[in-house]
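All I have is the shape, not the residue letters:
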C-alpha cells in the first residue's frame with residue numbers, strides 16, 4: 001500500500017482507489033450509512049485526496065513526487081480505456097486529418113471559385129476572350145485556395161488540443177490536484193456505480209471506435225478541471241474540452257491546450273471557412289472515437305440554476321451524425337455540484353452591472369494564491385446513464401417526420417441539408433432540453449444549498465439553530481420525496497453536517513447572533529446566498545407556480561373559503577407564469593394539463609391543499625383549489641416555502657415589464673427611435689435598484705443582469721420587443737431594440753404622462769397578481785402613479801442619451817437603414833401571426 005493512499009480522512013466519499021485497484025464501497029446519496037462503516041477496512045474515501053505538504057511531511061512529499069515523475073502504477077496513464085492519446089505526433093496526426101477532410105477542401109474550393117468570380121466581375125482578371133484566360137483563372141483560383149489552406153492551417157494549430165506528452169500530463173495532474181484539493185479540502189466525490197458505468201461504457205465505446213460526449217452543467221472553471229482529473233484517475237481517455245478562446249492567454253492558454261482544451265471563437269459570424277473548419281475538427285474527433293466535452297449552457301451560470309441550452313457545438317455534433325459522416329456517438333450528461341463555488345463573489349459583481357473582466361495571467365495567478373487558503377468543502381460529480389445520439393435522432397425524426405434519418409453519402413458535402421431547417425431546430429431544441437433534464441435528474445443537493453434555501457424562504461429575520469436543523473431535515477425529506485438526491489456524509493449527524501456547511505459558507509454569507517437562548521442564524525448576503533438556493537428550485541418549480549397562482553386569491557384576504565381559487569383561474573395563471581418563465585426553468589415534457597394535474601394531486605397528498613371536485617367524487621373534475629386546514633394549522637409552512645422560491649423571479653419579470661413602459665417614446669421624440677439593447681437593460685437595472693430602496697421591490701436579486709436579460713429575450717420571442725442586429729461591424733453598431741407599437745403605453749394628450757392602461761399595463765398587472773404583497777403597494781396605487789412616473793422619467797433620460805450619443809461620431813444610430821427597417825417590419829408582422837400567449841384577453845386555449 002502506497003503511503004499517500006493510506007491517509008485517514010474524516011469525510012465519506014463513494015469509492016476508494018488504492019494503487020491500480022478500484023475498491024467500491026456501499027454508495028448512495030440518499031441515506032446515511034451505518035456506523036459499522038467506521039471500520040478502516042470498509043471506510044469510504046475521496047476520489048481526489050489532499051497531497052502531502054513539503055513543510056509538514058518533506059519525506060512523504062518527495063516520495064509522492066517521485067511516484068508521479070516515474071509514472072508508478074495508475075500514474076503512468078498507460079493502459080487507457082479509449083483511443084490512443086498523449087504520444088509524440090498526436091497533434092500533427094489530428095491536424096492532417098482536419099485539413100484533408102473532404103468537407104473542408106470542398107468549402108475551400110467553393111470559396112476560391114466565388115472569389116475568382118468576384119475578381120472577374122470587377123475586371124481584375126483578363127478578358128474571357130484572352131487566349132490565356134482559363135489558365136490565368138485556374139492559376140488565380142489555386143493561389144486563393146492555397147492562401148485559404150494556409151489560413152486554415154494557422155487556425156487549426158491555434159484551435160486543436162495537443163495531447164502530446166505523458167510526462168506533461170502526469171505533472172499537470174499532480175499540480176492541479178495539489179491546488180484543487182487544498183481549495184476543496186473534502187475532496188471530489190463520484191458515486192461508485194457511476195465509476196463502474198463509466199469504465200464499461202468506455203470499453204464498449206473503444207471497441208466500436210465511438211466517442212463519449214460529456215455534456216456537463218457549468219458553474220465554475222473547476223468543472224472542466226474536475227472531469228479531466230476524474231478521467232485521468234480512472235484510466236479513461238481524457239476528453240477534448242470545447243473552450244472559449246478568451247481562456248487562451250499567455251502560459252495558461254498553452255497549458256490548458258496541452259491538457260485537452262480546444263479553443264474556438266465566442267462568435268463565428270458569417271465566416272464560412274472558420275465554421276467549416278470547426279465542423280471538420282468535430283467530425284475528425286467523432287470519427288476517430290476521441291472523447292469530447294462541451295458545456296450545454298455555453299457559459300457559466302451566474303445564478304446557480306441551469307441556463308437555457310446553447311446550440312453551437314451541439315449543432316456541429318448533430319450535423320456530424322445527420323450527414324452520415326459519423327455513425328453514432330454516446331451522450332453522457334454530467335452534474336457537478338459544489339459546497340461553495342469559487343467565483344460566486346465575482347458573479348454577484350457582474351450581475352449587479354459591473355462589466356466582466358477579460359481573463360488574464362495576473363488575475364489568474366493572484367486568484368489562485370488566494371484559493372489555496374480557502375476551505376470550500378467538497379465537489380460531487382454525478383453521471384447520467386449514457387444514451388445513443390443516433391437512437392435519439394432516429395426516434396425524434398420518426399416523431400417529427402414519420403421516417404428516420406437518411407445517411408446519404410451526398411450529405412457529407414457542405415451545403416447539403418439532411419433535414420429541413422425547422423426540423424433541425426426542433427431536433428436541437430429537444431436534444432438540449434433532454435440533456436438539461438438529465439442533468440437535473442442526477443444532480444445532488446449539497447448541504448450549503450439546503451441551508452441557503454432554508455434561510456431565504458423565511459418570513460422572519462433569522463432562524464434558531466434548532467429550527468434551522470428542523471427545516472433542513474424537512475427540506476431533505478421533501479427533496480427525496482420528489483425523487484431528488486441529497487449528498488450523504490457517511491455517519492455524520494445532521495447538526496455536524498450543518499455546522500460544516502456553515503463554516504464553508506462563511507460569515508460573509510451567513511451570520512450568527514450569540515448571547516441569546518440559542519444561536520440565531522441569518523442571511524448576511526442574500527444576493528450571493530441566492531446562488532445556492534437556486535440549486536434546489538428545479539425540484540419544486542411546478543409546486544411553486546401553483547402556489548404563486550393560488551396566492552393571487554389568498555393575498556386578497558377574507559375567510560378560508562373566500563381564499564379558494566377556481567380551477568379555471570388557477571390554470572390560467574399557471575399557464576401564464578409557465579409561459580413567462582419558459583426560458584428560465586426546465587419544465588416537464590408531459591404538457592401543462594398532465595403536469596398541473598400531477599402537481600395538484602401531489603400537493604393534495606402532502607396535505608398542503610384541498611381540492612373541491614364535481615359531485616364530491618374523487619374522479620370528478622376539479623372545481624376549486626384552496627389551502628387545507630392542516631396547512632393553515634401548520635402556519636402555511638409548505639405553501640410559503642414554494643412561494644418564497646418563485647417570488648424573486650416573479651419580481652424580476654415584473655421589473656422587466658415595468659421597464660418596458662419607459663420604452664414608450666416621449667412626446668418630444670419620434671416614435672421610430674431605436675435604443676441599444678445593453679443600455680435598455682442597464683436602465684431596467686437602474687430602475688430596479690431605485691424601486692428596491694424605495695420599498696416597491698422586495699428582492700434585491702431581482703435586479704440581477706442575467707434574469708433581466710432572460711426576460712427581455714422572452715419579450716422579444718413574444719414580439720413585445722423588436723430587436724435589430726446590424727449587418728455592419730457589431731462592435732460599431734450594437735444590437736438595438738424598440739417597444740412594439742402594439743404594446744406601447746398610451747399618454748395623456750394634455751400632460752404627456754403615461755396612463756395606467758393598455759395591453760402592456762394589463763400584462764404587467766397579471767404578473768403583479770402573483771407578487772409578494774408589500775405594505776407599499778397593497779392597493780396597487782403606487783404602481784399606477786409613482787412607479788409609472790419613475791419608469792417614464794428614466795425612459796425619457798434613456799431616449800435623450802441615445803439621441804445625444806447618435807449625434808457623436810461613432811455613436812449607435814437611433815434610426816434604421818432601409819434594409820434594417822424592412823427587417824424590423826418583418827419582425828412586427830411575425831409577432832401579429834404568433835399565438836398571443838401574453839395577451840391577458842386571449843382565451844386560455846390560445847396560450848397552450
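In hand now; what should we look at? Note that the structure is predicted; figures quoted are calculated from it, not measured.

Got the domain ranges for the protein?
The record's domain split for the chain, according to automatic domain parsing, is 161-442, 447-524, 538-635, 646-847.

Going by mean pLDDT, which of these comes out lowest?
Lowest mean pLDDT within those: domain 646-847, a mean of 84.

And stretch 418-434, what's buried?
Across stretch 418-434, burial judged by 16 or more other C-beta atoms under 10 Å covers 418-419, 423-424, 426-428, 430-434. (Glycine included, C-beta is placed from N, CA and C.)

sorry, that was for stretch 382-396
Buried residues in stretch 382-396, counted by 16+ other C-beta under 10 Å: 382-384, 386, 389-390, 392-393, 396.

re the thing from before, keep only those of the buried residues of stretch 418-434 that are in helices.
Cross-referencing the buried residues of stretch 418-434 against helices under DSSP state H gives 423-424, 426-428, 430-434.

can I get those residues in JSON lines with distance to residue 347?
Converted to JSON lines, these look like this (distance: C-beta to C-beta, whole Å):
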{"residue": "423", "distance to residue 347": "37"}
{"residue": "424", "distance to residue 347": "33"}
{"residue": "426", "distance to residue 347": "33"}
{"residue": "427", "distance to residue 347": "32"}
{"residue": "428", "distance to residue 347": "28"}
{"residue": "430", "distance to residue 347": "30"}
{"residue": "431", "distance to residue 347": "27"}
{"residue": "432", "distance to residue 347": "23"}
{"residue": "433", "distance to residue 347": "24"}
{"residue": "434", "distance to residue 347": "27"}
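
for those residues, which one is nearest residue 137?
The closest of these to residue 137 turns out to be residue 424 (C-beta to C-beta; 36.3 Å).

Counting neighbours, what do you get for the nearest residue to residue 523 once chain neighbours are set aside?
Spatial nearest neighbour of residue 523, excluding adjacent residues (C-beta to C-beta, 6 or more residues apart in numbering): residue 455 at 4.6 Å. Residues lying near residue 455 (other C-beta atoms under 10 Å) number 24.

any idea how far residue 812 lies from residue 354?
Using C-beta to C-beta, to the nearest Å, we find residue 812 at a distance of 22 Å from residue 354.

Double-check residue 709 against residue 678; I have them as touching.
No - applying C-beta atoms under 8 Å, one finds residue 709 not in contact with residue 678, separated by 9.4 Å.

ok, back up a step: could the domains of the chain go into JSON lines alongside distance to residue 80?
Shown next, in JSON lines, are the domains of the chain (distance: least, C-beta to C-beta, whole Å):
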{"stretch": "domain 161-442", "distance to residue 80": "5"}
{"stretch": "domain 447-524", "distance to residue 80": "30"}
{"stretch": "domain 538-635", "distance to residue 80": "35"}
{"stretch": "domain 646-847", "distance to residue 80": "39"}
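
quick one, which of the ones you listed is nearest to residue 153?
domain 161-442 (9.8 Å).

rewinding a little: out of the domains of the chain, nearest to residue 87?
Using C-beta to C-beta, the nearest of those to residue 87 is domain 161-442, at 7.4 Å.

For the residue most central in space within the chain, which three-state class applies?
The residue lying closest to the centre of the chain (C-alpha atoms, centre = their mean) is residue 307, at 2.7 Å. Under DSSP: H, G, I helix; E, B strand; the rest coil, the three-state class of residue 307 is coil.

Wait, it touches residue 295, no?
No - shown here, residue 307 and residue 295 do not form a contact pair, counting by C-beta under 8 Å, at 9.5 Å.

Mind listing the shared neighbours of these two?
residue 218 (C-beta atoms under 8 Å, 6 or more residues apart in numbering).

thinking again about what came up before, switch the buried residues of stretch 382-396 over to TSV; also include distance to residue 739.
What follows is those, written out as TSV (distance: C-beta to C-beta, whole Å):
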residue	distance to residue 739
382	44
383	45
384	42
386	47
389	41
390	45
392	40
393	40
396	37
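
and the gap between residue 541 and residue 547?
From residue 541 to residue 547 the distance is 11 Å (C-beta to C-beta).

These two - which one has more neighbours?
The neighbour count for residue 541 versus residue 547, taken as other C-beta under 10 Å, is higher for residue 547 (29 against 24).

in which helix or strand would I find that one?
Using DSSP states H and E, residue 547 sits in helix 541-554.

what's in contact with that helix?
Outside helix 541-554, the residues that touch it by C-beta under 8 Å, 6+ apart are 537, 563-565, 569-570, 573-574, 577-578, 581, 585-588, 595-596, 598-600, 602-603, 609, 625-627, 639, 642-643, 645-647, 650, 769-770.

ok, 6 Å please
563, 565, 570, 573-574, 577-578, 585, 595, 599, 639, 642-643, 645-646, 769-770 (C-beta atoms under 6 Å, 6 or more residues apart in numbering).

From these, which land in strands?
The strands in this structure, assigned by DSSP state E, contain residue 565 from those.

Mind giving me the ChimeraX command for buried ones among the contacts of helix 541-554?
To isolate the buried ones among the contacts of helix 541-554 in ChimeraX, judged by 16+ other C-beta under 10 Å, type:
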select :563,565,570,573,574,577,578,585,595,599,639,642,643,645,646,769,770
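
in terms of contact count, name the helices or strands touching the longest strand belonging to the chain.
The longest strand of the chain (DSSP E) is strand 330-338. Packing partners of strand 330-338 (3 or more C-beta pairs under 6 Å, 6 or more residues apart in numbering; DSSP states H and E): strand 212-216, strand 379-383, helix 421-442.

quick one: it to chain centroid distance?
Taking C-alpha atoms, centre = their mean, to the nearest Å, one finds strand 330-338 lying 12 Å from the centre of the chain it belongs to.

Contacts made by that strand with the rest, please.
So strand 330-338 is contacted by 205, 210, 212-217, 223, 379-384, 386-387, 389, 435, 438-439, 442-444, 446 (C-beta under 6 Å, 6+ apart).

Pull out the buried members of those.
Buried members of the contacts of strand 330-338, scored by 16+ other C-beta under 10 Å, are 205, 210, 212-217, 223, 379-384, 386, 389, 435, 438-439, 442-444, 446.

coming back round to it: the more surrounded of residue 812 and residue 354?
Neighbours were counted for residue 812 and for residue 354 using other C-beta under 10 Å; residue 812 has more, 19 against 11.

With adjacent residues omitted, what lies nearest to that one?
Counting by C-beta to C-beta, 6+ apart, the residue nearest residue 812 is residue 676, at 5.3 Å.

try residue 107
Nearest residue to residue 107 in three dimensions, chain neighbours excluded: residue 276, at 4.1 Å (C-beta to C-beta, 6+ apart).

which SS class is that neighbour?
With three-state DSSP as the basis, residue 276 sits in helix.

Next: residue 588.
Following three-state DSSP, the label given to residue 588 is coil.

And for it, nearest residue in space, chain neighbours not counted?
Of all residues not flanking residue 588 in the chain, residue 595 sits nearest, at 4.6 Å (C-beta to C-beta, 6+ apart).

returning to that earlier point: can you tell me the number of residues neighbouring the residue nearest to residue 812?
21.

do residue 353 as well
14.

and it, how far is that from residue 171?
Relative to residue 171, residue 353 is positioned 41 Å away (C-beta to C-beta).

for residue 388, same thing?
37 Å.

Please apply the same query to residue 96.
Residue 96 is 28 Å from residue 171, where distance means C-beta to C-beta.

What of residue 714?
Distance check for residue 714 against residue 171: by C-beta to C-beta, it reads 48 Å.
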